[in-house]
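Q: The sequence and its predicted three-dimensional model are supplied below.
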Amino acid sequence: MENEGLPQSSVLNELESRLSRDFTHSSGRIIGSMCTCPHPLARKVYTRFLDRNLGDSELSPALVKLEKETIHILGLLLSNPKASGHIVTGGTEANTLALWAAKKLSKKNHCEVIVPASAHYSFDKAADSLGLKMVKVGLNSRFQVDVEAVEKSVNSNTIAIVGVAGTTGLGVVDPMSELSEIAVEKDLHLHVDAAFGGFVLPFLKELGFSVPDFDFSLPRVCSITIDPHKMGLAPIPAGGILFRNESLRKAVAWNVSYLAGGETEQATFAGTRSGASVIAVWALLKHFGKESYKRIVRSCMRLTWKLAREIQNINGLDIVTEPTMNIVGRKSGIFDIRRIAQELRLRKWAVSLFPNHIRIVVMPHVKWQHIEEFLEDLKNVVNELGG
Ligand SMILES: Cc1ncc(COP(=O)(O)O)c(C=O)c1O
C-alpha cells in the first residue's frame, strides 16, 4: 500500500483502462457462461442499498421481510407457497446447504449421497467439506441420470439423492418423478439442483412446452437450488436455496448472540451477507413478473434452436442432444473438440469446454448478430482444420 493515496480520478482511470481488457457480457463474446448482464433496475437498487447486511438481520426487519417475500415468490414458481429459504452467494452455497441439512437431519454415521455423473462440481466440494461419501451414478442415452443405477446405489448409509433440472453441460432434466418415487420409498432427502433451470423451466411450461415435473409438486423434494444470478438477470452474488418447509431450513440455523441487532439466527454459510442482493432479486421479480421472464426465455430459446440447426449444417460438427433449454452442446466425430475450442478462444470467443463437447449458453446478452459472427468464425476454424 502506498503511504499517500491516489486521487479518485486516477484510481478510476486506472481501473477503467486495466479492466477494459477483460471479456464483457455486453460484447456478446461470452457465449459459454451462465451469467449475464444484470438488468439496469437491479444495478440501481443494488448500489442504492449496498450497505445492507442480512447477517445482522435484527437491524433490518424490513429487509428480512423482503427476503421472505422473495423466497415466497420463488416458492410459488416452484409449486410451494410454504417454501422457506434464503438468497445466498450462488448455486455452490445453495447445494452445500441442502446437503448439510440432509446430513444434520439424518441419524446416520457414515452418510452417503447419490449424485448424477452430470452434477455440478459444487457437490464434490460439498461432500468433501461436509465429510459425505459421494456416490456418482452414470447417465442414460439421453444424458439423464440412470434411475435403475440410482435405486441400486441406495444402501443403509444413503441420506440423500440429487437430481439436476438443467445440467451444467447440456441443460438436461433428470427423471425427477422417478427419483421422487425412490426417495419416498427409501425415506431419503431429494435435492433438486435447478440453479440454471429454475428460471427457465417454469416459464417454458407457461409458454406451452412440455416440461417434466421437477419441483416441490413432487413428493419428497426437500430442497431446490434456484439461482437468480443466472437466468434471473440478478447481479452476482445471488443464488437461492429453498427448503420444502421451515423445519428443514432450521436444521442449518445457527444462533449468534453478540451482534448489534441482538440475538440473530443465520441459516447460511456466510455470516455477513449482502442485503443488496436480496433487494435486487425482489425488485426484478416484482418488475418482470412472469410475462417478462417468459419473453426472455422465449427469445433465448429461439436463438438456441437456430444455433443448433446451423451447427448441424456444418460439416463434421453435430449437436450432442436436442436442447431442452438455452444450452447447446456441440461435438465432432472428426475434429478434436479441444482444438476447436482453442482456436475459438484465440479468436476471442469465451466458449466453455467439457470432455466431449463445447458448451454454448445462449444467455439474454447473446444476440443473433453475435451468433452469426460466431458461426462465421466456427466455419473458418473447421475449414482450417480440414473440414
Ligand atoms: C447446475 C448448476 N448447479 C450449481 C452451479 C453452481 O453455481 P455457482 O457458480 O453460482 O456457485 C452451477 C454453475 O454453473 C450449475 O450449472
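A: Perfect, I can see it now. Numbering: from 1, shown residues only.
Q: what comes up buried for the helix or strand encompassing Val381?
A: Applying DSSP states H and E as the criterion places Val381 in helix 368-384. Under the neighbour-count criterion of 16 or more other CB atoms under 10 Å, helix 368-384 has His370, Ile371, Phe374, Leu375, Asp377, Leu378, Lys379, Val381, Val382 buried. Quick note: C-beta positions are derived from backbone N, CA and C, even for glycine.
Q: So Asn315: helix, strand or coil?
A: coil (DSSP: H, G, I helix; E, B strand; the rest coil).
Q: what's the nearest residue to Ile360 if we skip its chain neighbours?
A: Leaving aside its chain neighbours, Ile360 sits nearest to Val328 (4.6 Å; criterion: CB to CB, 6 or more residues apart in numbering).
Q: Now do the phi/psi pair for that neighbour.
A: Dihedral angles phi and psi of Val328 (degrees, to the nearest 10) take the values phi -120, psi 130.
Q: What distance do you get for Ala267 to Leu248?
A: To Leu248, Ala267 is 10 Å away according to CB to CB, to the nearest Å.
Q: Ser156 now?
A: From Ser156 to Leu248 the distance is 22 Å (CB to CB).
Q: Between those two, point out the one with more neighbours.
A: Taking neighbours as other CB atoms under 10 Å, Ser156 and Leu248 compare with Leu248 leading, 22 against 7.
Q: That one: which element?
A: Secondary structure from DSSP H and E places Leu248 in helix 246-250.
Q: Show me the strands paired with whatever helix or strand comes next after that helix, marking each as parallel or antiparallel.
A: As assigned by DSSP H and E, the chain's next helix or strand after helix 246-250 is strand 254-256. Paired strands of strand 254-256, with direction, are strand 264-266 (antiparallel) (DSSP bridges).
Q: I figured Lys186 hits Thr158, correct?
A: Yes - assessed by CB atoms under 8 Å, Lys186 is found in contact with Thr158 at 7.0 Å.
Q: show me where pLDDT drops low in the stretch 251-387 of the chain?
A: Filtered on pLDDT under 70, the stretch 251-387 of the chain yields the residue ranges 387.
Q: That one: strands as residue ranges?
A: 254-256, 264-266, 318-319, 327-331, 352-353, 358-361 (DSSP state E, counting those that start in this stretch).
Q: Which neighbouring elements make contact with the fifth one?
A: By that I understand strand 352-353. helix 337-346, strand 358-361 (3 or more CB pairs under 8 Å, 6 or more residues apart in numbering; DSSP states H and E).
Q: Name the residues of the stretch 51-200 of the chain found near the ligand, please.
A: Counting by CB under 6 Å from any ligand atom, the residues of the stretch 51-200 of the chain close to the ligand are Gly90, Gly91, Thr92, Asn95, His120, Ser122, Val164, Gly166, Thr168, Asp193, Ala195, Phe196.
Q: could you redo the last one with a cut-off of 5 Å?
A: Contact residues, the stretch 51-200 of the chain versus the ligand (CB under 5 Å from any ligand atom): Gly90, Gly91, Thr92, His120, Ser122, Thr168, Asp193, Ala195, Phe196.
Q: So which of these belong to helices?
A: Gly91, Thr92, Ser122 (DSSP state H).
Q: Would you agree the first one is in contact with Phe123?
A: Spelled out, it's Gly91. No - applying CB under 8 Å, one finds Gly91 not in contact with Phe123, separated by 10.2 Å.
Q: Give me the common contacts of these two.
A: Common neighbours of Gly91 and Phe123, using CB atoms under 8 Å, 6 or more residues apart in numbering, are Asp193.
Q: which parts of the longest helix along the chain are buried?
A: When the chain is parsed with DSSP H, its longest helix is helix 275-312. Residues of helix 275-312 classed as buried: 275-285, 288, 293-294, 296-297, 300-301, 303-304, 307-308, 310-311 (neighbour count, 16+ other CB under 10 Å).
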